[in-house]
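Q: Okay, predicted coordinates and the sequence, questions at the end:
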Amino acid sequence: MHASRLPSLLLALAAMGCGEVRPGLPRPDDTGDTDAFEVADTRLPDPDTTTSKPDADAVPTDTSGGDAEAADTSDERDLDVPDLVGEVDSEDVPRDGDDADTADADASPVCVDGDPCQVQGYVPPCYEGRCQGSTCQLRRIPGCCSSDAECAGGSPRPCAVDRCILRECRTLDVPGCCTSDAACDDGLVATDDACSLEVGRCAHCPLPCAGRAPIWSALFDRPGDTVTGSGLTILDAQPGDLVTWQRTTARTAAGAGALYLGNQRCETYYGGALDAACAPTQTGEQDSQRVTVALVTPLVTLPSASPASLVAWVRSAVEPDRGRGLAEPDVLRVEVEPLGLGTTWELASTLALGKSTDWAPMVLDLAPYAGLTVRIRFEFDTLDGESNRFPGVWLDEIVVQEACASGGCCASDADCPASVDPCRRAACLATSEGGPSLCTSVPRAPGSSCTACANDLGCDDQDPCTSDRCEGPADAGSCTHTTFCCLERDLLEATFGANFVGVTPLDDNPGDGVRWQARDGAAWFGDPVSGTYVSSPPGRVSGSLESPLLELPRTAAAGDAVRLDLDLRLSTEWDLAAPGPPGDAISNPAGLDRVTLEVLDGPFVTTLWSSDAIGGTTLGQPLGLTFDLERWLGRAVRLRLRFDTGDELANAFPGLFVDRLTLGLRCGLP
């Protein structure tokens, strides 16, 4: 090291050791200036936080009109603005009058009593530096709060709850809470209003109103109906773990698409690293990091003259119920976030459905929020990194509509008007939080595809191996397709003539002389002058063949498969280490002269095979490979075959020849 740099380095290390906060970087207690909605958007926990607490709404259960206990909303999913460096044990926080050794050690040497001052190091929430005895010490800010628990018990009124909002305790009316019928009168002639004293909640029953369009909906049936394409926003506390919301066609409640929360390649919400076989690369008691992801709707303005409801279909396959109630991990919770209040109210969760469930509806009563502009949050939180190797959660058919649109309140399915869509039926479903039961249009067979039809001709799927029928009432039936044979067909057949067909040749270094070209009916990656893959000037060489987007069949019958066939010849520097036929797998951490076959499923890349498995070479002899793509049935994927030398050395070999690359549905396989 140059001698002139040593003093500055020592000074920097000394500053780091003393906990110096560099100018321009946010301090741990800085939250910035945000409006109420921006504050709510920062509620997801710090990725390093391993616990959080579920919110609980305060619903009075005292039917005699006494005070309703406010639920403690500071438990396992505290929804207040998170501190940038996590929570601090109250025993570790200096109290008024206590000695603050750490603060004194780092404090400025001189200050005026009572003045604010800069405390070096971490400042807990609701604390600030104040001069006392010519030193800067931590003192609690009067009236400040950092969690709902610090505000509990402040309001004696029934149907009120105390919340910590923007570091200030506030008393809020619990939406929809009531102690008498008079408290539920919404002033609308078209609704019948009453207070259900059993649950302390208002029920607003509207008169039926046909022909009303949804206020907002997301059905995910078209390819463009992705998360962003549907107007939704993802808030992800761990954006790098590949566990997120994405559109899928593999499992739907109705129609052609749905949303899935998890790692779509491996169908799991395990947040740690996974190998090509979807097995964790590391093991331990703490399996992986905590997963906390919220899906947020756009702003939706609810009508003031008519109560609204939300219906969403949920499928959940998660860790079994631990019996922890509101602190249960791996639960999808649904919350409403009114504009301008800086807080959210939990409406429902998958706990009410059994935690893990096949497709089931969630019906939410939004009547308490009539006339407000709101967002709906679907928040999934594992609370820890343990036992997360389960498939995940699906959402479909999210619809916000006026409650009167499907028939209003009901006591049974018979009270609801019949559906005119043969693929749907009318059902009387209970709403969350003890609200009124509402008529709802639901899929006739959730999880199964359905096509409306008037006759058999409308059901022809162009597959000669299916019997296609329109079943049901005249002019209001649905299609059925019965498979009685298997029709083999190619989904991809690459040919390598003057022009490549079925794949696109990609060259990472197009000026080095090594390129894709046809030779003897095969695709070859090399230099036609030298007959090798030595580049000019010498350097690393890499290129790939990539298929277009391929829509794979949704299913394959027993004995049938969507199969990829690849024939290749390979001669590389690994020839020098393999005097015989293709040998055992090699360790090749540098990735030298490696061929890989990959499946690209959106942002997820799966390596099906690499030449490391055969010793890095075939010594120029033909090798046939076959792969079953069952894992990707129902998905749109790309295929990529890639060759990469990893360096510029020992490249004077013939290289990679691709003789055949096909993908198709194959029948009657053993």
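A: Everything's here; your move. Numbers count the residues shown, from 1 in each chain.
Q: low-scoring stretches of the stretch 1-150 of the chain, by residue?
A: 1-110 (pLDDT under 70).
Q: isn't there a strand covering residue 131?
A: Yes: under DSSP: H, G, I helix; E, B strand; the rest coil, residue 131 falls within a strand.
Q: in this protein, which helix or strand is least confident?
A: helix 6-17 (a mean of 35; mean pLDDT, DSSP states H and E).
Q: what's the neighbour count on residue 551?
A: 12 (other C-beta atoms under 10 Å). For the C-beta atoms, the positions are set from N, CA and C on the backbone; glycine is no exception.
Q: in the sheet, who's paired with it?
A: Per DSSP bridges, the residues bridged to residue 551 are residue 636.
Q: in terms of contact, does it touch residue 636 like I think?
A: Yes: with contact defined as C-beta atoms under 8 Å, residue 551 reaches residue 636; the gap is 5.1 Å.
Q: Need the residues touching each of the two.
A: Counting by C-beta atoms under 8 Å, 6 or more residues apart in numbering, no residue touches both residue 551 and residue 636.
Q: Which residues are in contact with residue 203?
A: Contacts of residue 203 (C-beta under 8 Å, 6+ apart): 184, 193, 194, 195, 196, 409, 435, 436.
Q: Next, find the distance separating the third one from residue 506.
A: I take that to be residue 194. 67 Å (C-beta to C-beta, to the nearest Å).
Q: Looking at these two, which one has more neighbours?
A: Shown here are residue 194 and residue 506; by other C-beta under 10 Å, residue 194 has more neighbours (17 against 14).
Q: Isn't the more buried one up against residue 180?
A: No: checked against C-beta under 8 Å, the pair residue 194 and residue 180 is beyond contact range at 9.8 Å.
Q: got any residues that touch both of those two?
A: Common contact partners of residue 194 and residue 180 (C-beta under 8 Å, 6+ apart): none.
Q: which stretches of the stretch 401-550 of the chain have low pLDDT?
A: For the stretch 401-550 of the chain, the stretches with pLDDT under 70 are 474-475.
Q: let's go with 90 and repeat that
A: The model of the stretch 401-550 of the chain has pLDDT under 90 over residues 418-423, 432-435, 444-445, 447-489, 497-499, 520-521.
Q: Can you identify each of the strands in it by residue range?
A: With strands called from DSSP state E, counting those that start in this stretch, the stretch 401-550 of the chain shows them at 424-429, 438-443, 452-453, 466-471, 477-483, 489-493, 495-496, 500-501, 504-507, 515-519, 522-526, 542-546, 550-551.
Q: What of the stretch 551-670 of the chain?
A: 561-571, 594-601, 604-610, 623-628, 636-644, 655-666.
Q: what's the least confident stretch among these?
A: Within those, confidence is poorest for strand 604-610, with a mean of 86 (mean pLDDT).
Q: how much does that one deviate in direction from strand 636-644?
A: If you take axes from the mean of the first three to the mean of the last three C-alpha atoms, to 10 degrees, strand 604-610 sits at 50 degrees to strand 636-644.
Q: Now do the same contact list for residue 508.
A: Each residue near residue 508 by C-beta under 8 Å, 6+ apart is listed here: 542, 543.
Q: any idea how far it is from residue 271?
A: Residue 508 is 31 Å from residue 271, by C-beta to C-beta.
Q: what does residue 145 give?
A: Taking C-beta to C-beta, one finds residue 145 at 32 Å from residue 271.
Q: list the contacts for the residue of the chain positioned farthest from its centre?
A: What lies farthest from the middle of the chain is residue 133; by C-alpha atoms, centre = their mean that is 52.6 Å. Shown in contact with residue 133 (C-beta under 8 Å, 6+ apart): residue 113.
Q: Out of the contacts of residue 203, who's the most crowded?
A: Most surrounded of the contacts of residue 203: other C-beta under 10 Å gives residue 435, at 26 neighbours.
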